[in-house]
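Participant: build me a model from this:
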Amino acid sequence: MAHSFCISEADAKRKRCCASIEPVCIASECMAWRWVETNINERPGDPLVASHNTHGYCGLAGKPR
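Facilitator: The predicted model follows:
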């Protein structure tokens, strides 16, 4: 089951970063990027896969609850 706070690294790179002079998020190249260690599926019905190197979140927003 996907966590609502995580995003694929590819999707993150299409978002704007409000804390950087860079125009877009640089995802895992940023010191604030945090990987999510769980199982996730991209679309409903897809099999669950390990997310340790595909999904994460911006750590600047704080630790998810």
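
Participant: have a look at the chain and report the helix or strand with the lowest mean pLDDT.
Facilitator: One helix or strand of the chain scores below all others by mean pLDDT, DSSP states H and E: strand 49-50, with a mean of 68.

Participant: mind checking how far Gly59 is from Ala10?
Facilitator: 18 Å (C-beta to C-beta, to the nearest Å). Using the backbone N, CA and C atoms, a C-beta is placed for each residue, glycine as well.

Participant: who's more crowded, these two?
Facilitator: Taking neighbours as other C-beta atoms under 10 Å, Gly59 and Ala10 compare with Gly59 leading, 13 against 10.

Participant: for that one, grab phi and psi.
Facilitator: Torsion angles at Gly59 (phi, psi; degrees, to the nearest 10) stand at phi -70, psi -10.

Participant: do the same with Gly45
Facilitator: According to degrees, to the nearest 10, Gly45 has phi 100, psi -20.

Participant: now it: how far from Arg14?
Facilitator: Per C-beta to C-beta, Gly45 is found 24 Å from Arg14.

Participant: need the strands for the chain, in chain order.
Facilitator: 7-8, 33-35, 39-40, 49-50, 55-58 (DSSP state E).

Participant: between Gly45 and Arg14, point out the one with more neighbours.
Facilitator: Per other C-beta under 10 Å, whichever of Gly45 and Arg14 has more neighbours is Arg14, with 11 against 6.

Participant: ok, that one to Lys63 distance?
Facilitator: Applying C-beta to C-beta to Arg14 and Lys63 gives a distance of 24 Å.

Participant: tell me which residues touch Gly56, please.
Facilitator: Cys6, Ile7, Glu9, Ala12, Ala27, Ser28, Trp33, Arg34, Trp35, Val36 (C-beta atoms under 8 Å, 6 or more residues apart in numbering).

Participant: let me have those residues in JSON lines, extended by neighbour count.
Facilitator: Output for the contacts of Gly56, formatted as JSON lines (neighbours: other C-beta atoms under 10 Å):
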{"residue": "Cys6", "neighbour count": "19"}
{"residue": "Ile7", "neighbour count": "21"}
{"residue": "Glu9", "neighbour count": "17"}
{"residue": "Ala12", "neighbour count": "21"}
{"residue": "Ala27", "neighbour count": "21"}
{"residue": "Ser28", "neighbour count": "13"}
{"residue": "Trp33", "neighbour count": "17"}
{"residue": "Arg34", "neighbour count": "17"}
{"residue": "Trp35", "neighbour count": "15"}
{"residue": "Val36", "neighbour count": "18"}
